[in-house]
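*Asks:* Predicted model and sequence follow; I will ask about them next.
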Protein chains: 2
Amino acid sequence: MSFRVAVDAMGGDHAPDAIVGGAVRALRADRDVTLVIVGDEPRVRKQLACHDLGEAASRLTVHHASQVVEMDEAPIEAIRTKKDSSLVRMVALAAEGKVDAVLSSGHTGALVAACQLMLKPLTCVSRPGIAVTIPSLHGPCILCDVGANISARPRHLYQYAVMASLYAERVIGVAKPRVALVSVGTERGKGTNLVKQARDLMEQDDQINFVGNAEGSDLFAGRCDVAICDGFVGNVMLKFGEALAEGLVRTITKEFHEETPDFQKRLRGGLGRVYHRHDYSRYGGTPLLGINGVCIVCHGRSDELAVENAIGVAGQCVRGGFNDAVAKRFEHDGRASKPNGHYARDATH
Amino acid sequence: MSFRVAVDAMGGDHAPDAIVGGAVRALRADRDVTLVIVGDEPRVRKQLACHDLGEAASRLTVHHASQVVEMDEAPIEAIRTKKDSSLVRMVALAAEGKVDAVLSSGHTGALVAACQLMLKPLTCVSRPGIAVTIPSLHGPCILCDVGANISARPRHLYQYAVMASLYAERVIGVAKPRVALVSVGTERGKGTNLVKQARDLMEQDDQINFVGNAEGSDLFAGRCDVAICDGFVGNVMLKFGEALAEGLVRTITKEFHEETPDFQKRLRGGLGRVYHRHDYSRYGGTPLLGINGVCIVCHGRSDELAVENAIGVAGQCVRGGFNDAVAKRFEHDGRASKPNGHYARDATH
């Protein structure tokens, strides 16, 4: 099944080089993918000239955009004023039905806002959420939301649980994913009012394999496949963990600086393999769940491999019929917002 | 300057052995410390019999308590019903002025609640907060709150900023500590309403060296000495980081399992040193800031060294006159809750 992805060439630390390079890799790797690279055409063309596209050239177009959304801009303001930015032009292509998915390593807030405003959330979904895959010894754990919605309500968290569970099942391939709610203790009474109310909603929906609260440490303990939290908590936690892991690897490397060159070489090799296995680029990009389309949010530092993999994730979301599954689960509007036993039973038919 | 500490012998994964062992170490290490070990007297005495106390015996008493607060109990309920628990008896000793500080590796929620109810917060402090020291390549960063108060208001966060700053200065020894507010972006407009309002309060107090918002990653970037967040975020972040670090070290060890025995031995040695340097037991225990007394919250897994160091931290808090400094900063009640330029100027006199 072929799919079409628009890629924001101008977003991210290594734009446009890594974006164009990753796009070329994706075109070569999968003959079913068709790409539209959106951005400053002369710069994109110059970068494309470095690659021998061959057959893939027929599946690639460049869509010019004269502006770039900068990282320090206010999201809504940027979208309103920079109509000819690569980010806005890219999302417009999806809104017009010209592509199936969009992808950017640029301004996450602006990307989320553009998708919400221009693609709109899926019917019955209140607020989209970003789902990131966290690797651990026990396998991946999907954490949602990590920053799309920092003022979450109980119903938003409940909907994240439904959507992230479907994502884990259909895109990551986890059967009957165990869904947990992030809190300060596993006991029922622990947590904020938001958590307690969200827990009630999750428990009432027997289509979710809800396993209760999870503490921050449980995400690495193999106790859940999906962990739900509000975007503020998820964002802080994710960035904290990322910096901690990097700092720890640096500290370890430093600790052995007086060892023999051979020891250091073997150490670096092993650490490199560990780093690679746990690298965000393996997972390629994190989907914005709940919008009427497919949007992949890439890390600002994405390299060619990350972009290639992110395009792969976009393809999996399109092919996996993820949005259809979410829409089906939420088809009874009023019930979706107030799940109960009846809703759960109805939806299995 | 001598100081008296009551220690909860029955709390934590290694109670009472590690607690008693740590107490003995502390007595030997510092002739200024006097200890009251609170718990099941026969068990404590049996454990004490394993140690040759010598001179230290004169600075040690055992205070019997027949009950134990279990980890799964509701804090307030446990305090109300288990009047003869080691935790409640211990805090009572402080409330009666018989000791200067208390310390437990047991139920954190119950400890915080007991201190709030029996010792009371310092005048003008709304809600106590737990301040943990996070090690990084750039030096320690104090994170407050990590779980005492999961429903924080702007004024609570502002007061944490003042208290954690004084703690960093007087106990950890950081001159003019840089204080940051944890958020999802460093820009002024980023964050929840709680964060935005707390930021306004912090900015208005020129006695705090406020440096703006910090993302989760900034805690390891040497950009701030003190980071403020609500207890829900802090708790989740801390437990997430702890498990991540452990998982990463395990993954690295596993990666080299096919290496030579000599390589593995050297690797384990170095990883052990790194782990040790960054171990919570070095910092010994985390103070509950803002109560009318000194309370040190220890990790549930505390070993003898951790308990010894925690008693040392208790001593530093008592000797450093930390509470007097906090009281002085907040002496103008109404102003403390609504800081403004005048308050800040007044307080410098």
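*Replies:* Noted; the coordinates are in hand.
*Asks:* Tell me where the stretch 51-200 of chain A has strands.
*Replies:* A:60-64, A:101-104, A:129-134, A:141-144, A:178-182 (DSSP state E, counting those that start in this stretch).
*Asks:* Chain B: which of these is closest?
*Replies:* Each of the strands of the stretch 51-200 of chain A was scored for nearness to chain B using C-beta to the nearest C-beta, and the closest is strand A:178-182 (5.8 Å). C-beta here means a position set from N, CA and C on the backbone, and glycine is covered the same way.
*Asks:* Direction included, what does that closest one pair up with?
*Replies:* strand A:209-214 (parallel), strand A:226-228 (parallel) (DSSP bridges).
*Asks:* quick one, domains of chain A?
*Replies:* Chain A is divided into the following domains under automatic domain parsing: A:3-119, A:129-279+A:328-346.
*Asks:* Now render those domains as JSON lines, adding mean neighbour count.
*Replies:* Shown next, in JSON lines, are those (neighbours: other C-beta atoms under 10 Å in any protein chain shown):
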{"stretch": "domain A:3-119", "mean neighbour count": "21"}
{"stretch": "domain A:129-279+A:328-346", "mean neighbour count": "20"}
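*Asks:* Could you tell me the least trusted of the ones you listed?
*Replies:* Lowest mean pLDDT within those: domain A:129-279+A:328-346, at a mean of 88.
*Asks:* Please list the residues of the stretch 51-200 of chain A that sit near chain B.
*Replies:* Residues of the stretch 51-200 of chain A lying close to chain B by C-beta under 8 Å from any C-beta of the partner chain are A:72, A:74, A:109, A:136-137, A:147, A:150-151, A:182-185, A:187, A:189, A:191-193.
*Asks:* among the residues you listed, which are in helices?
*Replies:* Using DSSP state H, the subset of those located in helices is A:109, A:193.
*Asks:* so which of the strands paired with strand A:178-182 gets nearest A:Arg80?
*Replies:* strand A:226-228 (31.5 Å; C-beta to C-beta).
*Asks:* what's in contact with that closest one?
*Replies:* A:141-145, A:157, A:160-161, A:164-165, A:168, A:177-182, A:198, A:202, A:214, A:218-219 (C-beta atoms under 8 Å, 6 or more residues apart in numbering or on different chains).
*Asks:* now for the strands of the stretch 51-200 of chain A, which one comes closest to A:Arg25?
*Replies:* Nearest of these to A:Arg25, taken as C-beta to C-beta: strand A:60-64 at 12.1 Å.
*Asks:* still on that earlier bit, could I get the domains of chain A as CSV with distance to B:Ala306?
*Replies:* Output for the domains of chain A, formatted as CSV (distance: least, C-beta to C-beta, whole Å):
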stretch, distance to B:Ala306
domain A:3-119, 39
domain A:129-279+A:328-346, 18
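*Asks:* quick revisit: of all the strands paired with strand A:178-182, which lies closest to A:Val132?
*Replies:* Per C-beta to C-beta, nearest to A:Val132 of the strands paired with strand A:178-182: strand A:226-228, 10.1 Å.
*Asks:* Which positions in the stretch 201-349 of chain A make contact with chain B?
*Replies:* Near chain B, when you scan the stretch 201-349 of chain A using C-beta under 8 Å from any C-beta, you find A:215-221, A:229, A:231-233, A:235-252, A:255-256, A:259, A:263, A:266-267, A:270-271, A:273-274, A:278.
*Asks:* Which ones among the residues you listed lie within helices?
*Replies:* Counting by DSSP H, those contribute A:231-233, A:235-252, A:255, A:263, A:266-267, A:270-271, A:273-274 to helices.
*Asks:* what's near enough to touch the residue of the stretch 51-200 of chain A found nearest chain B?
*Replies:* Per C-beta to the nearest C-beta, A:Val184 is where the stretch 51-200 of chain A lies closest to chain B, at 4.5 Å. Contacts for A:Val184 (C-beta under 8 Å, 6+ apart) come out as A:190-191, A:215, B:147, B:150, B:231-232, B:235-236.
*Asks:* any chance of those residues in CSV, plus distance to B:Ala314?
*Replies:* Output for these, formatted as CSV (distance: C-beta to C-beta, whole Å):
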residue, distance to B:Ala314
A:Lys190, 27
A:Gly191, 30
A:Glu215, 27
B:Gly147, 19
B:Ile150, 25
B:Gly231, 21
B:Phe232, 26
B:Asn235, 22
B:Val236, 27
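*Asks:* and of these, the nearest to B:Gln67?
*Replies:* Of the contacts of A:Val184, the one sitting nearest to B:Gln67 (C-beta to C-beta) turns out to be A:Lys190, at 22.5 Å.
*Asks:* pretty sure that closest one is in contact with A:Leu181, am I right?
*Replies:* No: the pair A:Lys190 / A:Leu181 is not scored as a contact, 10.2 Å apart, by C-beta atoms under 8 Å.
*Asks:* Mutual contacts of the two, please.
*Replies:* With C-beta under 8 Å, 6+ apart as the test, A:Lys190 and A:Leu181 both reach A:Asn213.
*Asks:* give the contact list for the closest residue to A:Phe256 other than its chain neighbours.
*Replies:* Excluding its sequence neighbours, the residue lying closest to A:Phe256 (C-beta to C-beta, 6 or more residues apart in numbering or on different chains) is B:Gly270, at 5.3 Å. The contact partners of B:Gly270, taken as C-beta under 8 Å, 6+ apart, are A:252, A:255-256, A:259.
*Asks:* need the contact list for the nearest residue to A:Phe240 once chain neighbours are set aside.
*Replies:* Take A:Phe240 and drop its neighbours on the chain: the residue closest to it by C-beta to C-beta, 6+ apart is B:Gly216, 3.3 Å away. Contacts for B:Gly216 (C-beta under 8 Å, 6+ apart) come out as A:235-243, B:182, B:237.
*Asks:* Nice, that's everything, thank you.
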